[in-house]
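Engineer: 3D, please:
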Amino acid sequence: MRRRRLNIALLALLSTGCLATEPAFPGILKGEWGSDQGSLDADSSQVNAAFMCTTVSVPGPVSFDADRSFDVRGIETSEFGPIRFPPDTQPVEMLGTLRAREDPLTLDLTLWMIDSTGGRTGTPITMTVQQGVMGKTYACPAEFGVGR
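Structural biologist: Okay, the predicted model is just below:
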């Protein structure tokens, strides 16, 4: 009887490990993420994202909440038109949601420009990236402007 209980307990422990199919939830945004839409690189001090013709810098670390999401503010630098010094920058809000049960981990991002009152303005830019994938970057023509 005792041996049977031990076998059942061992079987239960082994089967729970075998049934776990969801990738580990990272808690903090880190590493290289990318897709054909752009790229994101994150470490404990900063998050840098490149969408279309714009780059975004956010102070780090960026932590996911219990819903696997984050909502952070940073600075967007436009990379179109004539070169400006200092560069043309604007405050932005970046929202991210980590998709559940996808391997590799997949992150949906939305970027909003922030106006002088602190509210969202314009049309948001969206991008989906995957962990460990090298993202593409694009050269932008002078007449193309994002969120302007």
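
Engineer: Going C-terminal from the helix or strand bottoming out on mean pLDDT in the chain, what's the next secondary structure element?
Structural biologist: The helix or strand of the chain with the poorest confidence is helix 2-19; it has a mean of 47 (mean pLDDT, DSSP states H and E). Next along the chain after helix 2-19, taking DSSP states H and E as the criterion, comes strand 31-35.

Engineer: what's the model's confidence in whichever helix or strand comes after that next one, averaged?
Structural biologist: Proceeding N to C from strand 31-35, the next assigned helix or strand is strand 38-42, under DSSP H and E. The average pLDDT within strand 38-42 is 94.

Engineer: For the helix or strand following strand 38-42, list the C-alpha coordinates in CSV.
Structural biologist: Sequence-wise, the next helix or strand downstream of strand 38-42 (DSSP H and E) is strand 46-51. The C-alpha coordinates for strand 46-51 follow below in CSV (Å, rounded to 0.1, in the frame of the first residue of the first chain):
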residue,chain,number,x,y,z
GLN,A,46,16.7,50.9,-20.9
VAL,A,47,14.3,49.7,-23.6
ASN,A,48,14.9,50.8,-27.2
ALA,A,49,12.3,50.1,-29.9
ALA,A,50,12.4,50.8,-33.7
PHE,A,51,9.1,51.1,-35.4
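
Engineer: List the buried residues in strand 46-51.
Structural biologist: Residues of strand 46-51 classed as buried under the neighbour-count rule (16 or more other Cβ atoms under 10 Å) are 47, 49-51. Any C-beta I mention is one placed from the backbone N, CA and C, and that applies to glycine too.

Engineer: Identify, from the residues you listed, the entry nearest to residue 60.
Structural biologist: residue 47 (5.3 Å; Cβ to Cβ).
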